[in-house]
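# next comes the sequence, and after it the predicted model I'd like to discuss.
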Amino acid sequence: MRSYVRYAAAAAASLLVFSACGGDTDAPASPDLSSGSLTYTITPGVTGWTKLPADPLPVTTRTVLIGGLIAVGGYPQFGAIQYTGANNWLEMTTLPDLSRSPLAWRFTFKLKPQAASLPIGSYQAVIPVTVGGAQNNPQQIVITYSNCGNCLFLGDVRNGELSISDPVWDRSSGYNEGPGDYESYPYDDWRVFVPPFTTVAVVLEGEDCVGAPYTHEDTYLYAWTPGPDFTFITADDDDYCGNDPLISLTNPTGVQKEYLVRATSYDAIGDGTRVFGTYRIRVFIADDYDYDLRAPEHGDKPTAEKSALLRATPKR
């Protein structure tokens with residue numbers, strides 16, 4: 001084993017000399033051996049693209065680094081790409097390309113033109129990775145592609161904005177209720193897909209929870225089953241943190257279930273500057289909260305919709 005490590009170290013050193021003739025011009029960096037010379041890392045482990053409404057197919061590339069002394073001294077090997085949802089939409093560049101800072105092999109990915117014609121949905125490609133002699137084989141690179149303007153799947157994080165150009169409504173449990181004379185609220189609609197037998201949390205984060213670059217001061221969330229009936233499920237004002245809402249959606253069935261989630265504002269148009277602004281919406285496993293709920297404050301009360309649901313729920 002010692003002879004293999006010495007070989008890997010020598011090979012890595014020779015590669016550094018070779019790479020000095022071209023490619024990166026960054027100063028050489030010593031490999032990080034803190035995790036052991038016979039292990040390797042993949043950075044990032046998950047990357048990909050999201051195609052927004054009316055946008056062309058993304059042409060940006062995604063780069064993944066495979067580093068560690070054992071990997072640089074040899075060369076990573078890749079299994080066949082394993083697709084979920086559709087095949088043959090990902091292009092991978094596997095020619096040797098050594099990064100010197102950090103010390104790692106660099107691999108580039110881009111979308112094939114046929115990705116533009118995929119149906120609305122979320123797609124994933126998994127590439128198995130092995131390195132000869134490594135102790136932490138096998139590993140994998142995960143590339144994702146979300147081809148939907150307003151679709152959210154488990155693990156998705158998207159940016160949005162409530163603006164003067166958005167449609168408005170009267171912010172009630174009725175999905176198709178028009179705006180009132182004095183109660184008009186802007187909104188964005190999102191399609192949230194929940195896996196079988198799973199409960200997810202949906203949070204809407206603005207200035208309170210995240211800060212810059214998000215600017216909305218007081219957001220609100222509503223949820224219904226999809227049309228044509230649009231049955232009201234739940235709504236929330238500020239159960240997440242500060243003035244930001246959280247709702248939970250449960251799928252008790254054995255097939256994926258869709259919900260319609262509306263991001264809106266607590267304040268109506270005409271009530272001041274808190275009506276509009278940018279936000280971030282996230283979907284994650286409901287019991288995997290990565291925050292501390294704010295302490296209850298004097299004057300807090302449930303939304304009118306929650307109160308109605310509580311009154312309608314029989315006591316046990």
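Ah, there it is. Numbers count the residues shown, from 1 in each chain.

# so where's the stretch 151-300 of the chain uncertain?
180-182, 288-300 (pLDDT under 70).

# one more time with 90, if that's ok
151-158, 170-184, 206-213, 226-230, 238-244, 255-256, 269-274, 286-300 (pLDDT under 90).

# neighbouring strands - and their directions - for the strand or helix carrying Ser122?
Using DSSP states H and E, Ser122 falls within strand 121-130. Applying DSSP bridges, strand 121-130 is found paired with strand 77-78 (antiparallel), strand 82-84 (antiparallel), strand 139-147 (antiparallel).

# list the buried residues in it.
Ser122, Tyr123, Gln124, Ala125, Val126, Ile127, Val129 (16 or more other Cβ atoms under 10 Å). In short, each C-beta sits where N, CA and C put it, glycine included.

# ok, the last one - contacts?
Put plainly, it is Val129. Applying Cβ atoms under 8 Å, 6 or more residues apart in numbering, we find Val129 in contact with Ile42, Ile66, Pro76, Gln77, Phe78, Gly79, Pro138, Gln139, Gln140, Ile141.

# ok, and the closest non-adjacent residue to the third one?
Yep, that's Pro76 we're talking about. Ile66 (4.8 Å; Cβ to Cβ, 6 or more residues apart in numbering).

# neighbours of Asp287, just the number please.
Using other Cβ atoms under 10 Å, Asp287 is surrounded by 8 other residues.

# CA atoms of stretch 41-58 as PDB?
Output in PDB follows, covering the C-alpha atoms of stretch 41-58 (Å, rounded to 0.1, in the frame of the first residue of the first chain):
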ATOM      1  CA  THR A  41     -13.900  14.100  -3.000                       C
ATOM      2  CA  ILE A  42     -16.500  15.300  -5.600                       C
ATOM      3  CA  THR A  43     -17.300  19.000  -5.500                       C
ATOM      4  CA  PRO A  44     -20.100  19.800  -5.900                       C
ATOM      5  CA  GLY A  45     -21.900  16.500  -5.500                       C
ATOM      6  CA  VAL A  46     -25.100  17.900  -6.900                       C
ATOM      7  CA  THR A  47     -25.500  20.600  -9.600                       C
ATOM      8  CA  GLY A  48     -27.800  21.500 -12.500                       C
ATOM      9  CA  TRP A  49     -30.100  23.900 -14.200                       C
ATOM     10  CA  THR A  50     -33.600  25.300 -13.900                       C
ATOM     11  CA  LYS A  51     -35.400  26.600 -17.000                       C
ATOM     12  CA  LEU A  52     -37.800  29.500 -16.300                       C
ATOM     13  CA  PRO A  53     -40.900  30.400 -18.200                       C
ATOM     14  CA  ALA A  54     -40.300  31.500 -21.800                       C
ATOM     15  CA  ASP A  55     -36.600  31.200 -21.400                       C
ATOM     16  CA  PRO A  56     -34.400  29.400 -24.000                       C
ATOM     17  CA  LEU A  57     -32.500  26.300 -23.100                       C
ATOM     18  CA  PRO A  58     -29.700  27.100 -20.700                       C
END
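
# who touches that stretch?
35, 60, 62, 64-68, 104, 109, 111, 113, 115-116, 129, 139-150, 156, 158.

# in that stretch, which residues are buried?
For stretch 41-58, by 16+ other Cβ under 10 Å, it's Thr41, Ile42, Gly48, Trp49, Thr50, Lys51, Leu57, Pro58.

# could you check how far the closest residue in space to the third one that isn't next to it in sequence is from Pro228?
Here the nearest residue to Gly48 in space, its sequence neighbours aside, is Thr144; by Cβ to Cβ, 6+ apart that works out to 3.3 Å. Taken as Cβ to Cβ, to the nearest Å, the spacing of Thr144 relative to Pro228 amounts to 31 Å.

# please apply the same query to Glu91.
41 Å.

# and Phe230, which of the three is it?
At Phe230 the chain is in coil, as set by DSSP: H, G, I helix; E, B strand; the rest coil.

# can you get me a residue count around it?
14.

# excluding chain neighbours, what is closest to it?
Closest to Phe230 by Cβ to Cβ, 6+ apart is Tyr175, at 3.6 Å.

# what about the one you found, how many residues close to it?
Counted with other Cβ under 10 Å, Tyr175 comes out at 18.

# I figured it was touching Trp224, is that so?
Yes. If you go by Cβ atoms under 8 Å, Tyr175 and Trp224 touch, sitting 5.2 Å apart.

# anything in contact with each of those two?
Phe230, Phe232, Leu260, Arg262.

# got a PyMOL select line for the buried ones in those?
In PyMOL syntax, the buried subset of the shared contacts of Tyr175 and Trp224 is picked out as below (16+ other Cβ under 10 Å):
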select buried, resi 232+260+262
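
# closest to Pro213 out of the shared contacts of Tyr175 and Trp224?
Comparing the shared contacts of Tyr175 and Trp224 against Pro213 with Cβ to Cβ places Arg262 closest, at 22.6 Å.

# return the residues in contact with the closest residue to that closest one other than its chain neighbours.
What sits nearest to Arg262 in space, not counting adjacent residues and going by Cβ to Cβ, 6+ apart, is Tyr222, at 4.3 Å. Counting by Cβ under 8 Å, 6+ apart, Tyr222 touches Arg171, Ser173, Phe232, Thr234, Ala235, Val261, Arg262, Thr264, Glu305.
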